[in-house]
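Novice: would you be able to build a 3D model of this:
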Amino acid sequence: MSVKTRYQAKVSGLWTRRHTISLIGDDGPEHQGVLTVERRRGMVHQGTYRPEKGEVLFFRRDPGLLRSQFSLWTDGREWLGSSLRWSAFSRRVELSTGSKPLRLLPIEGFKMGWSMYAPKSGEVARFAYSPLSRTATLDVYRRLDFPLLLFGYFLGSQIYMESLLPGPEPAKVKAAAAATAV
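Specialist: Below is the predicted model:
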């Protein structure tokens with residue numbers, strides 16, 4: 001599958017992490033903005049993405065006991081999406097965006113990262129982590145709004161260690177989604 005757009009995220013900080021997002025193009029990396037992740041009482045409470053130009057995005061923890069239960073908002077208070085992970089034992093995160101559902105699943109094989117799937121078109125994006133260098137590569141394969149890409153990365157960056165065990169093959173995910181859609 002060919003990559004349409006590639007981004008790179010460089011992580012700095014330990015408790016309050018800053019993810020510097022850059023677009024990787026022919027002319028080299030172009031700075032896009034900074035995602036700051038804030039913690040309260042040990043767990044991630046919220047995140048804020050401040051772009052070079054454009055709208056500020058807020059990732060807020062929704063009330064509840066489930067993990068990966070966040071919502072995505074603009075600074076104009078427009079809801080763009082929410083996420084839900086039904087079980088602490090499941091490595092599947094469901095994203096509701098209003099227009100189409102998406103899901104995060106671990107990358108197939110023994111690699112650290114997450115893949116974002118759409119029900120009909122299959123793999124839309126992939127977030128591959130390199131923990132020793134504290135960087136991640138965000139590959140976009142199909143049309144996807146940047147805020148949703150960032151939302152998937154935000155969720156995956158919190159649980160990237162859980163992706164070490166192999167995930168399902170992309171063809172099997174697409175076939176399962178097609179079977180449940182019927």
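
Novice: the helices in the chain, which residues?
Specialist: 146-158, 170-181 (DSSP state H).

Novice: out of those, which gets the lowest mean score?
Specialist: Out of those, helix 170-181 stands lowest, with a mean of 56 (criterion: mean pLDDT).

Novice: for Gly47, see how far away Arg60 is.
Specialist: Between Arg60 and Gly47 the distance is 8 Å, computed by C-beta to C-beta, to the nearest Å. Every C-beta, even on glycine, is put in place using the N, C-alpha and C of the backbone.

Novice: whoops, Gly122 was the one
Specialist: 27 Å.

Novice: so those two - more neighbours on which side?
Specialist: Gly47 (24 against 18; other C-beta atoms under 10 Å).

Novice: run through the bridge partners of Ser12.
Specialist: Beta-bridge pairing for Ser12 (DSSP bridges): Arg18.

Novice: show me the contacts for it.
Specialist: Ser12 makes contacts with 18, 20, 134, as judged by C-beta atoms under 8 Å, 6 or more residues apart in numbering.

Novice: residues contacting the residue nearest the centre of the chain?
Specialist: Centroid-nearest residue in the chain: Gly152, 1.7 Å away (criterion: C-alpha atoms, centre = their mean). Counting by C-beta under 8 Å, 6+ apart, Gly152 makes contact with 95, 102, 104, 114, 116, 125, 127.

Novice: from the residues you listed, which single one is nearest Arg142?
Specialist: Ala125 (7.9 Å; C-beta to C-beta).

Novice: about what we covered before: where's the dip in pLDDT among the contacts of Gly152?
Specialist: Across the contacts of Gly152, no position has a lower pLDDT than Leu95, which has 85.

Novice: surely that one is in contact with Ser71?
Specialist: No: checked against C-beta atoms under 8 Å, the pair Leu95 and Ser71 is beyond contact range at 10.4 Å.

Novice: of those two, who's got more company?
Specialist: Comparing Leu95 with Ser71 by neighbour count (other C-beta under 10 Å), the higher total belongs to Leu95, at 23 against 17.

Novice: could you find the closest non-adjacent residue to Val140?
Specialist: Using C-beta to C-beta, 6 or more residues apart in numbering and skipping residues adjacent in sequence, the residue nearest Val140 is Thr5, 4.3 Å away.
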